[in-house]
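Give the three-dimensional model of this entry:
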Amino acid sequence: MGDAYVPDVLLKGLSNHCPQLRSLTIGSRHSFSSFSISEEALSMMVRNTTELQTLNLGTADSSMLLQDLNWLSDVGNHCKDLRSLRWNVSFNPHSFPYTTKFQSLLLPFTSLTTLSLSGLTIHLVFAMLEGATHLSHTLSTLILKEVGDSDQIDESAGYLSLIPALFPCLEHLELHCYSHQILNRCMSNVLRGLTKLDVVVISSVGAVLEDKDIEGGDSSGFPDPTTQTSSWFKDEVQGAVILPALRYLKLDSVRVTNDLIKAIYRSCPNLAKLYMLSYFSRIYTPIDFSLIRTLANSLSQLNTLHLQWIALEESQTLIKEFFDKQTLMHDVEIVYLAPLRCELGETSMIASDYEDEFISIKISIHK
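Numbering: from 1, shown residues only. Below you'll find the predicted structure:
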């Protein structure tokens, strides 16, 4: 379906006939790019549905919702029970003059536990967050998707570093589409400051999580392979990152190595689910399977570490070549999955797919 406009009369009828509406999603389930609505229609909607708890809002053209942003204040003022706000924006961030307006947008919200902002530049996002310090003890889930500021590396990293101070009670953190340069400057400090984290999902364009030089590489947009990058989980200067509450970790665009996985185990003693997507399997050296062999032969140790499964995305050929030569088939189950990309809303689906399966290790690979 192409872009479509949601007529005001439709929202008016919905709000008049469903005053006890608890959840409203405008746009498709996973990609909020199919619908546009007017600011007046949305304001009218929330005034009549005061019991709304979840609002998922996305537009193909947000110009109508960016005139004066009064609709967002209406949401906060009328929907006092709102727990989850997801707003996907599509506009030119360099032509948007409302930074000061953003500082007060989240002030009326007092009950938010989930906030997802996609498409806003990082300085606009933090204008909103810094104006809503009253949410520091209620917000448990924060999902941010980058746009427009990837060239402002130090500034963006500085903003992200403020997350632990603003929201120390976060249990679920997702950061999507930030460059590896930005993440490598701040993620150690971000993770170290959020000791209550239960779920962490990171997706990046070419995130490299190790403290060694990388050999190889090409000109396809990946980071300079000769650039030495720091590890998020191993910091010799500031001490180790320990996340005692972390149960689920998903990393997108990582180079999977023994050192990285071992560092994660040391940092996350109660980790139950580890999911990795590697963009480097066709560019750098293949995954080192010696750790998988060690894990498969040490199931009792895995149980002690609470680990339920590992999903590593690699090429089907590499996985088959390795396991055809091993005698570990009774310990390791290979799961064939189409290539997955880290999109908003996908995490819970992936995690729940294997909730009831009694398995120690999962290998997720390309079809």
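
any idea which helix or strand carries Leu55?
Following DSSP states H and E, the helix or strand that holds Leu55 is strand 54-58.

what's the helix or strand following that strand packed up against?
Counting by DSSP H and E, the element after strand 54-58 in chain order, helix or strand, is helix 70-78. Under the contact criterion of 3 or more CB pairs under 8 Å, 6 or more residues apart in numbering; DSSP states H and E, helix 70-78 touches helix 39-48. C-beta coordinates here come from the backbone N, C-alpha and C atoms, glycine included.

and the helix it packs on, what other elements does it pack with?
helix 8-17, helix 70-78.

Run through the bridge partners of Tyr248.
Val199, Lys273 (DSSP bridges).

Now do the SS call for Leu173.
strand (DSSP: H, G, I helix; E, B strand; the rest coil).

That one and Leu191: what is the separation?
9 Å (CB to CB, to the nearest Å).

Pull up the overlap in contacts between the two.
197, 200 (CB atoms under 8 Å, 6 or more residues apart in numbering).

In terms of mean pLDDT, which of the helices and strands packed on helix 39-48 ranks lowest?
Mean pLDDT is lowest for helix 8-17 out of the helices and strands packed on helix 39-48, coming in at a mean of 69.

following it, which helix or strand comes up?
strand 23-26.

Show me the shaky parts of the stretch 151-300 of the chain.
151, 205-231, 234-240, 253-262, 276-300 (pLDDT under 70).

now the angle between helix 70-78 and the strand holding Leu55, please.
180 degrees (axes from the mean of the first three to the mean of the last three CA atoms, to 10 degrees).

Check which helices and strands strand 54-58 sits against.
Contact here means 3+ CB pairs under 8 Å, 6+ apart; on that basis strand 54-58 packs against strand 23-26, strand 84-88.

neighbouring strands for that strand, and are they parallel or not?
If you go by DSSP bridges, strand 54-58 pairs up with strand 23-26 (parallel), strand 84-88 (parallel).

which one of these has the lowest average pLDDT?
strand 23-26 (a mean of 80).

Same question for that strand: list its buried residues.
24, 26 (16 or more other CB atoms under 10 Å).

Alpha carbons of it, as CSV, please.
In CSV, the C-alpha atoms belonging to strand 23-26 read as follows (Å, rounded to 0.1, in the frame of the first residue of the first chain):
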residue,chain,number,x,y,z
SER,A,23,-4.2,1.2,22.5
LEU,A,24,-3.9,3.1,19.2
THR,A,25,-1.5,2.3,16.3
ILE,A,26,-1.6,4.5,13.2
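
Break down the stretch 151-300 of the chain into its strands, ranges please.
Using DSSP state E, counting those that start in this stretch, the strands found in the stretch 151-300 of the chain span residues 172-179, 199-205, 248-252, 273-277.

Redo those as TSV? Include mean neighbour count and distance to Phe126.
Output for the strands of the stretch 151-300 of the chain, formatted as TSV (neighbours: other CB atoms under 10 Å; distance: least, CB to CB, whole Å):
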stretch	mean neighbour count	distance to Phe126
strand 172-179	21	13
strand 199-205	23	18
strand 248-252	22	23
strand 273-277	22	27
